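# Show me how the following folds:
(2 chains)
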Amino acid sequence: MKKMIALLMAGALAALTLAGCGDSDDENTLSVLNYGKYIEPEVLDMFEEETGIKVKYDQYETPEDMYATFKADAIDYDLICTSDYMVEKLISEGEVLEINFDNIPNIANLDETYFEFSKSFDPENKYSVPYFFGTVGILYNKNMVDEEDLTSWSCLWDEKYSGQVIMADSVRDSFMTALKYLGYSLNTTDEGELREAQEILINQKPMVQAYLVDEAQDEMISENAAMALVYSGEAGLAMELSENLGYAVPQEGSNVWIDSWFIPKTATHQENAEKFLDFLCRVDIAQLNFDYVYYATPNKALYETMDEELQQNTTVFPPQEVLENCEVLKSLDQDSTNLYNELWKEIKSN
Amino acid sequence: MRKLGRQLLAGPYLVWIIGFILLPVAVILYFALTNSEGGFTLSNVLAIGEPIHLKALFLSLRLAVICTLLCLILAYPLAMILNKTGKKCQSLIVFIFILPMWMNFMLRILAWRMLLNNNGVINTVLETLGLPVLNIINTPTAVVFCMVYDFLPFMVLPIYNSMARISPEVVESAKDLGAGSVTVFFKVILPLTLSGVISGIIMVFVPALTSFAISDLLGGGKIMLIGNVIEQAFTQQNNWQLGSGLSIVLMIFVIASMALMSAHDKEGGGAGVW
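This next block holds a predicted model:
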């Protein structure tokens, strides 16, 4: 009997601690979930000062992490920033609320072009506000790579650079290079095309130095490799730290990514979220965030205030002719996701 | 009343066991035996039979065995040396040995990445000395190397413990009875330290078998151990069922290896940490 009591007490204790995790609902707050290092920290303080709304700010590493955190349902987020295909996935799952754009007058600062791009994952532009965008391309060492080779993805399969190539340890990004090289869409779900891409990725593996995500830019800065597949934002940061590095997007086209804000269904402070979005679209705030993150901003009003040199910086702002060949990564249905994952696992364990 | 008081003292420990050991294992079992709709299935556990998973499992087993053997070869003589040296020197050596463990495990792996890199510290030194450079980063060699580095103390300490408990008289009497030093080693010292060796083997083999961080960071994403397959099932594919199913298989391997080892250790009396 006493054992039972002890057990019950233990259970009650556990239940109590769990209940303690629930929300202490303070009216004037805002829970934000964003990529790591993806906002100027001062902006949060400024927002709190101006509006009196207390911001609870959380960060994550990859969209898949975010999805797992969000689905675990521990915290009711009011506003989340993530990548295009993940926004699409969540919209299709009915997890996203429509944004009331009447509450966001500063939205007029954003360039229409990017709402057009956004239509590939948010067809009516009802659910998302673009935050930053860019491309995926090749960060290369000018002393080790012949720049003419970079016009085609074939450089990643060039024997010349065997052992000097860093690929991305991410299914869709690595498949993107092979699919574009073969002339297919990066959103293909055709098994034949994917098998073909898998085959050339397997052939490529002996020449690949490593499959990395975040460490790729460090390796490039310390000149351990000649080429790495990276996001344009990371490339920009790496190039600031080393003069020998350059960034190029091959002519076959690539992935143009847009990170956007959306309001999830769990939101308990939708108006605060919209106030925050309006705040982010303000030119001075967008300027602060741009200086901190240094990715391409869709804020046209801000772009127009920049000097010409920065406007022409093709690493930060992808040129029009490159953008034309690029596609936005689309979310795949479960069967295709599984197929991609299986094929990728076979490559990795080959 | 006093009895109840005493039982209450066990409360925190009970909460700990239930909340952080039994409950998680139950959750893993639940996920392992259900599909995404919540129905019963064995497919997640049987998925270990897929060629990719088998390959990862065998690679893990192979690297873990190599790592354990290397640790044993390095640790046994070291334990003997430790045992022979004076008290003061002994504690200094043990201290130096444990010192790296004060640093975070991930940081140490990252440091090895810096050291072993193609343009890393070691190669720069080798190059200026005109020696051939090491190209082991992103290969299984680098992974085993770092595993040995990380897990060696877990082999040395139990062996050293069991060796320190052998009283000098035992060795002396063996010698008095005419045993040569080789016979003393094989007939006296080795059998008496066997329990320490077995603890050491378990303490090295189990983390080496289940590790994924080392292979991830030093293997350049090219070395897929079973730990990496499980980690990716959780973090990238959002397939908790598969990850749990494979974890169960891995747990069976761990328990089997421990059972196998402790079967050889009946009279051991537990010299080690277990």
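# contacting residues for residue 80?
Let's take chain A. A:32-34, A:66, A:70, A:261-264 (C-beta atoms under 8 Å, 6 or more residues apart in numbering or on different chains). For every residue, glycine as well, the C-beta is placed using N, CA and C.
# Correction: the question concerned chain B.
B:Met80 is in contact with B:163, B:189, counting by C-beta under 8 Å, 6+ apart.
# ok, the residue nearest in space to the middle of chain B - contacts?
Among the residues of chain B, the one closest to the centroid is B:Val204, at 2.5 Å (C-alpha atoms, centre = their mean). Contact analysis of B:Val204 by C-beta under 8 Å, 6+ apart lists B:67-68, B:71-72, B:151-152, B:154-155.
# how much space between it and A:Asn106?
60 Å (C-beta to C-beta, to the nearest Å).
# rewinding a little: dump the contacts of B:Val204 to JSON lines, plus distance to chain A, neighbour count and pLDDT.
Shown next, in JSON lines, are these (distance: C-beta to the nearest C-beta, whole Å; neighbours: other C-beta atoms under 10 Å in any protein chain shown; pLDDT from 0 to 100):
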{"residue": "B:Cys67", "distance to chain A": "20", "neighbour count": "28", "pLDDT": "97"}
{"residue": "B:Thr68", "distance to chain A": "23", "neighbour count": "24", "pLDDT": "96"}
{"residue": "B:Cys71", "distance to chain A": "26", "neighbour count": "27", "pLDDT": "96"}
{"residue": "B:Leu72", "distance to chain A": "29", "neighbour count": "16", "pLDDT": "96"}
{"residue": "B:Phe151", "distance to chain A": "23", "neighbour count": "25", "pLDDT": "93"}
{"residue": "B:Leu152", "distance to chain A": "26", "neighbour count": "21", "pLDDT": "92"}
{"residue": "B:Phe154", "distance to chain A": "28", "neighbour count": "23", "pLDDT": "92"}
{"residue": "B:Met155", "distance to chain A": "29", "neighbour count": "31", "pLDDT": "94"}
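# Go through those and flag which are in helices.
Counting by DSSP state H, these place B:67-68, B:71-72, B:151-152, B:154-155 in helices.
# what is the mean pLDDT for the host helix or strand of B:Thr183?
Using DSSP states H and E, B:Thr183 maps to helix B:181-184. Regarding helix B:181-184, the rounded mean pLDDT is 90.
# Stretch A:321-334 too?
pLDDT averaged over stretch A:321-334 gives 86.
# how about the CA coordinates for it, as CSV?
What follows is stretch A:321-334, C-alpha atoms only, in CSV (Å, rounded to 0.1, in the frame of the first residue of the first chain):
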residue,chain,number,x,y,z
GLU,A,321,18.9,36.9,-65.5
VAL,A,322,19.8,34.4,-62.8
LEU,A,323,16.5,34.8,-61.1
GLU,A,324,14.7,34.0,-64.3
ASN,A,325,16.1,30.4,-64.3
CYS,A,326,15.5,29.9,-60.6
GLU,A,327,12.6,28.2,-58.9
VAL,A,328,11.2,28.3,-55.5
LEU,A,329,11.4,25.0,-53.6
LYS,A,330,8.0,23.6,-53.2
SER,A,331,6.8,21.3,-50.4
LEU,A,332,6.3,17.7,-51.5
ASP,A,333,3.6,15.3,-50.6
GLN,A,334,4.4,12.6,-48.1
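# what does that stretch contact?
A:83-86, A:88-89, A:92, A:117, A:120-121, A:135, A:172, A:176, A:185-187, A:189, A:249, A:251-258, A:314, A:318, A:340.
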